[in-house]
Structure formats: C-alpha cells, structure tokens
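Peer 1: Compute the structure for the input listed below.
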Amino acid sequence: MTTDTTAAERLPWSRQLKDAVTDWYQNDRLVWTYIFKMALASLLALGIGMLLDLESPRTAMTTVFIVMQPQSGMILAKSFYRIIGTLIGTAAVFVFVALFAQTPELFLLCTAIWIGLCTAGSAHNRNFRSYGFVLSGYTVALIGIPAVVHPALTFDSVVTRVTELSLGILCAAMVSSLVFPQRTAPNLVRIIRGRFSAFVDLIGGTLAGKVDRKQLEATNARFISDIIGLEAIRSSAVFEDPDVRLRSGRLTRMNSEFMALSTRVHALHQLMNRLHTNHADTVITAIEPYFKEVTPLLTRSGGEPVMSATDAAESAIKLDRFKKELPKRIRQTRAALPEDNAVTLLDFDTASELLYRVIEELHAYTLTYASLVQRSHEREQWDKSYAPKTSLFTAAVAGTRAAVVLLLLSAFWIASGWPSGDFAALNAAAFCAITSAAPDPARTTRNMSFGVIAAIIIGYFYVFHIYPHLDGFLLLATALLPLLLFAVYLTTRPAWAGFGMGICIFFPFLAVPDNLANFNAATYLNESVALMGSLLVTTVAFMILLPPANAWVVRHMEKKLRKQVVQACSGKLNDLAGRFESGTRDLMHQISVLTASQPELKQSALGWMFATLEVGHAIIELRQELASIRRETPNLLPPAAYQALADIRRTIPALFDAPSAQTLAAAMSATNDAIAVVHQTIGPHQRPRSERHRLQRTLSYLHFIRTALLDEHSPLHPIRTGSNTSATSTSEGPSHAA
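Peer 2: Down below sits the predicted model:
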C-alpha cells in the first residue's frame, strides 16, 4: 500500500467527502448540468406537444437532441439556421407536391436532386450555416416523402411538422439560456487570452533560439485548429452576448492578424535556419541582437508575460516605439557590413525586412487585443471576414452520394411495395445529410448503428412492457428520464458519442408514444427493419462511393492546397493576403480532420502548407510592392524587370500545380533572372532613400522566394535533388532561428 493511499485513509470521512464533492464540482459539474438540462428540455418539448395535441410530439423531442450543444450560444446559432433550413425545405415541399403529386417517380427524383444539392451545400459551408443546408434537405424528406402517399394532406403535414420542430427548438433554447446557462462568451475570452499568451511564448522562444523547426511546425499546426475554432465560437457567441456583438469586428480582425503574424514568424524562423545551414555568420551576428530585444517588449514591468488585454496596451506602446526606431538602426547596422559581398547584404536585407514585418504585425495584433477592454473602438471597423475554402469536387461527391442512396431506396420502395419503404428512404436521406460533414462518415454511421440497435431493443421493451402500465405524462416522464440521462451522458464521451446519438435521436423516433399511442408489434418491427436497412445502405455508400478519408481524396485536397499559390499570383490584390491565409489554413484543417488516422498523408500536406504559405505570401507582398511602384514611380523599374517578374507569376503557379524537376527549374530560372534584373537596377546609382528602399524590398521578396524554393526541408527538395528521400520528413533543423 502506498503512502498516499495510507494518508488518504487516515483522513476523516467528512474531509474525504468534501474533497470528492470539490473534485466533482470542478471537473464534472458542467457535464452533468448539461445532461440534466437536455433531458429536461426533451421532456418539456414532449409534454407541451402532448398538451397542444400535436400529431407527433416525439418530433419536438427529437429536435431537442439534434440541436443540443453545451453552450447556449451554440444552441441559438444552430436553432437559427435550423429554422431557416426548415422554412426553405417546406417551401420546396409545396413546389414539388404542386408539380408532381400525381407522379411519385418524378417527385422522388426531384427530392433526391434537392437533397443532393443541399448535402453539397452543407459540405461546402462551415459552422452551423452548413446545418441550415442539411435541414432544408432533411425537411423535404421528412415531410415530402410521406406526402407521396397522401398528397392531399401535405399542407396539414407541413404546418404540423414546422410547429413540432419549432417547439423543440424553443424548448432547447429556453432551457439552455435560463437554467444554469453555460455561456459561450467566457470560453471565447479564455481562448483569446490563452492563444495570445501561447503566441507570446512562441515568439519569445523562436527569436531567443529556443524553438526548433519540428516544434514550430507542430505549434503552427495546432494554431490552425485554434483559428477555425475561434471563428466558430465567435459566430455562435454573437447570438447570446451583446458585448461579443460589439466586438465581433475586432475578433475577426484578431484572427486575420494572428494568421498573418504566425506566417511571418514561421518565415523568419525558416530564413534564419537556412542562414545557419549556409553558415552566414556575418548576417546572423548582425541581426541576432534585435531578436533579443523583442521578448522584453512582451513582458510586464515585473517581468511576467503579458496575458490580459489591459496588459497588452503597455506592450503595444513599447512595440510602437521599437518599430519606429528599427529602420534607422537597421540602416546603421547595414552600413557596417562589407559592401563587396552582395550575398551577405541580400541575406541581411531579407532578414531585416522580415523582422520589421513581424514587429509590424505583432504591434497590430497587440493593439487589437488591447482594444477589447473597450466596448467601442476604431479597430472594430473591419470588413475582411474569414474566407473558408472548400473543394467543390468533394462537396459534389457528398451531394451525389446522398442523391444516389435516396434514389436506390426509393426505387426499391416503389418496385417492392414495401409498407415501410418511405420510412427507410426518409431515414437514409437524413443519415447522408447529417453525417456527410463528419471526418469519417462511414465510421460515424457505423457507431450510430449500434446506438440504433440498442434503441430498437430498448424501445420494444418500453413500448410493449412499460407503456401499457403507465397513466399520465408524469409517469411517462419518470420512466423515460433514466434512459435519456444515460443516452445524453454517452454523447459527452468521445468514444461513445455516436452510440449515444443513435439512442437520443432514434429511440424517440421509434418508441416514444404519440398522443394517439400505437402498440402494433408488426408496425414497430417493420419500421425497425426499415431503419436498419437505411443505415446499412448509407454505410455501404460511404464505404464505396469515394469515401472522404480515401488517400485519393486527400491527395486531391493537397493539390487544392498547393493551388492556393495560383490565387496568390493572379487574384485581385484587395484583401488577397487575408483570403489566401484563411483559405490555405482552412484546407489544411480539412486535410487534418480527414487524415487523423493517416499521419504520413497529414505530414505531407503539412509540408506543402508551409511551402505554400511562404512562397504565396512573399508573392503577394511582391505584387503589392510592384503595384505601389507602378502607381507612384512607374519608371523606377525597367521593362525587363516587369517581364522577369511576370515570368515568376507564370512559372511558380505551374510548379505548385504540377511539381516536377522541369517546373521547379523553370521557377528557379525565372526567380534568378528577376533577382539579377532588380539587382542591376539598384546598382551603385545615387537614388532617393525611398526609391532605394523600395527596390531593396522588392529584391528581398525575390530572395526569400528563391531560398524557399531551395529549402532542404521543403517538399520541393526531393524534386530538385532527384533523391528518394520522403518529402514529408521533418528534420528538427537548427535548434534556433537566431
């Protein structure tokens, strides 16, 4: 027996009980509060539905479980889009019934096409907006497919279903908002503060030489989820908290500035690693002292790191002062370097330009963070939203899969005359729509299948052995409560979430009584078989019809990721950097979700993401610099320089679209030609400082692109060397970037 166990046994039972209660309160209180709230909301929806004498109160109960989320803001957001999707779906039902009431084959064909389009829209969108597309398709299936049998009852069915769905949404929202509400906003504050603190530590460690390449890449990969997660939480929190709505623009701005800043820090780290590899000691010695001055700017007067928005205001002042003094100090350091070594000067110019950009972005990010303490601020004026990037091909595959499944089951229903065929078709449409957005829909559907089997077995016991002995809603609620608590509890356990959702959604669907109870065993078994049949067909469809986690699909997404460089080279400059940053990270996030069990594919995509960000961002800045030159000093560069720069915008997209030794050689040749022309333009001529600085900045961007293409840790390195070394390998590289 250990010493700790012996000491615990000597504690008085009252102290042990107090410690246990404290531990439960700190760790499990919120989970059990959520469990009881969802059970309460579902029973409330069922009770009100029965009191109002609705045709199917269990539909309201099921709706509660479908929209349930831990925070009230998430429930409100999901409910908002569910209502919109339901209204659009009901409008589609009226149109389809009006056109094809006498021809069920055409009605089912149009329904399948509609559900396919809605599923594709769901896969193409993000957050709860995708749920609106799901519901617009699911509503057509829920209301429209039964209308094939009884078209004259369509209007009554629509009104009843919309009422039941709205009742479930209202009950979930009210219970979540009024009974021990769990707000989204405090979680948002914790995420913002934690991310700022983590990034301050990363910058300090990177510039102080304490972060290696592998660690930096892992941190940046984690930041991708943080960026997308913050946007999702922000879009939900605006529904519940007026303070978040007042700061919504600044939160979006912070996300954009964070993406730009993390790209700059990674690019600077990579450049310094390359300088270490090339033994550019003169440049490293010259630039290194500036790195050491950054960390103190991000600490409070007592030496503690900046965490709160209030503390960030002081750091913003120090960063502003440092940023204003940096160009002059850099010029003085550059003047001390040997003038006869062009490579050294070019390396120093590139490193110093990246350092200035890091400080500039860090200052902007800190200013926005500091502004959050005020209800209104000028930095709230931000119209550049997060721009997700989804492959139209994968969205089309998801939509086609849903349409094919519904067509197959509908054809079988019509050909066989199966009494429960409409039930099977309806549920197959729901399964395809709801699970298409999951990382592994086949696995999700399989997990739900076990929950459905449990719901069928438990439901049979309830319907034929418990309900006949109950009288009144109070006894019904008492009998249902233990099962509901257990099912919701399972949804809070990641390993059992699919099993729990299967029970939560399909037990009410099968076994909760309507106002007019039906104890027909044949009907129950028929619907159970139909439900399992629809699950089986859906699971098989996800397994054989281009499954999302297939390596080929991942490679397609990886190519889509690389082609972000095409956008950087040819897209409109207005907010191009923001759209490029968010789109690249959004694609990488999708790949990360798809490759959770395939680390080699994920690592390959991660390498291409960093290469895409480095080269693409440098090209965007190069284009912005050229646009400024053309606008203000059009004769600064000769026609040969513009032609050389146009060649870069032609060859680099070709390289990232189809990486090969030939396209890499063409991109390298175009970059070297552009560097030579711009370097010749600078020459020894006497120029105004502003013009010379512009040319040096242009040269720095070109030099950074060249070093990125030559990086030995890049996925392009095996192509350039012709080696068999995996492009996905990640070396730790130098132990520091300073």
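
Peer 1: how many neighbours does residue 473 have?
Peer 2: Using other Cβ atoms under 10 Å, the number of residues around residue 473 comes to 14. All C-beta atoms are positioned from the backbone trio N, CA, C, and that covers glycine.

Peer 1: residue contacts, it?
Peer 2: Taking Cβ atoms under 8 Å, 6 or more residues apart in numbering as the criterion, residue 473 is in contact with 46-47, 50.

Peer 1: Point out where the stretch 501-650 of the chain drops to low pLDDT.
Peer 2: 546-550 (pLDDT under 70).

Peer 1: Which pLDDT value does the model give the residue lying closest to residue 421 once chain neighbours are set aside?
Peer 2: Leaving out its chain neighbours, the residue that sits closest to residue 421 by Cβ to Cβ, 6 or more residues apart in numbering is residue 413, at 2.7 Å. You'll see residue 413 listed with a pLDDT of 85.

Peer 1: where does the stretch 351-500 of the chain dip in pLDDT?
Peer 2: Checking the stretch 351-500 of the chain against pLDDT under 70 turns up 385-389, 433-434, 436-440, 442.

Peer 1: Helices of that one, start to end?
Peer 2: For the stretch 351-500 of the chain, the helices defined by DSSP state H, counting those that start in this stretch occupy 392-416, 421-435, 441-461, 473-491, 497-511.

Peer 1: Dead centre of the chain: give me the residue that sits there.
Peer 2: residue 228 (4.0 Å; Cα atoms, centre = their mean).

Peer 1: How about that one: what's its closest non-neighbour residue?
Peer 2: residue 589 (5.2 Å).

Peer 1: Would you quantify the distance from the one you found to residue 606?
Peer 2: Distance of residue 589 to residue 606, computed by Cβ to Cβ, to the nearest Å: 11 Å.

Peer 1: and the two? which has more neighbours close in?
Peer 2: Ranked by neighbour count (other Cβ under 10 Å), residue 589 and residue 606 place residue 606 first, with 25 against 20.

Peer 1: Now for the residue nearest to residue 421: which residues touch it?
Peer 2: 421-422, 424-425.

Peer 1: Out of the residues you listed, which is nearest to residue 405?
Peer 2: If you rank those by distance to residue 405 using Cβ to Cβ, residue 425 comes first, at 8.9 Å.

Peer 1: I'd assumed residue 146 was in contact with the closest one.
Peer 2: No - under the criterion of Cβ atoms under 8 Å, residue 425 is not in contact with residue 146, lying 10.1 Å apart.

Peer 1: So the two - more neighbours on which side?
Peer 2: The neighbour comparison of residue 425 against residue 146 (other Cβ under 10 Å) goes to residue 425, with 31 against 17.

Peer 1: Apart from its chain neighbours, what residue comes closest to the more buried one?
Peer 2: residue 409 is the one closest to residue 425 (Cβ to Cβ, 6+ apart), at 4.4 Å.

Peer 1: With residue 712 instead?
Peer 2: residue 277 (6.9 Å).

Peer 1: Tell me how many other residues surround that neighbour.
Peer 2: Around residue 277 there are 14 residues (other Cβ under 10 Å).

Peer 1: got the phi/psi numbers for it?
Peer 2: phi -60, psi -40 (degrees, to the nearest 10).

Peer 1: was I right about it contacting residue 717?
Peer 2: No - the pair residue 277 / residue 717 is not scored as a contact, 11.8 Å apart, by Cβ under 8 Å.

Peer 1: And the chain, what are its domain boundaries?
Peer 2: 3-182+389-438+441-544, 184-380, 584-603+625-721 (automatic domain parsing).

Peer 1: In the stretch 51-200 of the chain, where is pLDDT below threshold?
Peer 2: In the stretch 51-200 of the chain, residues with pLDDT under 70: 71-74, 126-128, 184-185.

Peer 1: Could you pull out the helices in it for me?
Peer 2: 57-67, 72-100, 104-124, 129-139, 145-149, 154-178, 184-207.

Peer 1: Next: the stretch 501-650 of the chain.
Peer 2: Applying DSSP H, counting those that start in this stretch to the stretch 501-650 of the chain gives helices spanning 521-544, 551-562, 564-570, 576-594, 599-632, 639-657.

Peer 1: Turn the ones you listed into CSV, columns for distance to residue 103.
Peer 2: CSV is the format used below for the helices of the stretch 501-650 of the chain (distance: least, Cβ to Cβ, whole Å):
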stretch, distance to residue 103
helix 521-544, 23
helix 551-562, 37
helix 564-570, 46
helix 576-594, 40
helix 599-632, 46
helix 639-657, 47
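
Peer 1: of all those, which lies closest to residue 217?
Peer 2: helix 599-632 (6.6 Å).

Peer 1: Would you mark the buried spots in that closest one?
Peer 2: The neighbour-count check on helix 599-632 (16 or more other Cβ atoms under 10 Å) flags 601-623, 625-626, 629 as buried.

Peer 1: so how far is that helix off the chain centroid?
Peer 2: 21 Å (Cα atoms, centre = their mean, to the nearest Å).

Peer 1: Show me what that helix is packed against.
Peer 2: helix 213-237, helix 248-277, helix 551-562, helix 564-570, helix 576-594, helix 639-657, helix 689-710 (3 or more Cβ pairs under 8 Å, 6 or more residues apart in numbering; DSSP states H and E).

Peer 1: I'd like the helices of the stretch 51-200 of the chain written out as a markdown table, with distance to residue 585 added.
Peer 2: Shown next, in a markdown table, are those (distance: least, Cβ to Cβ, whole Å):
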| stretch | distance to residue 585 |
| --- | --- |
| helix 57-67 | 28 |
| helix 72-100 | 22 |
| helix 104-124 | 17 |
| helix 129-139 | 18 |
| helix 145-149 | 40 |
| helix 154-178 | 31 |
| helix 184-207 | 14 |
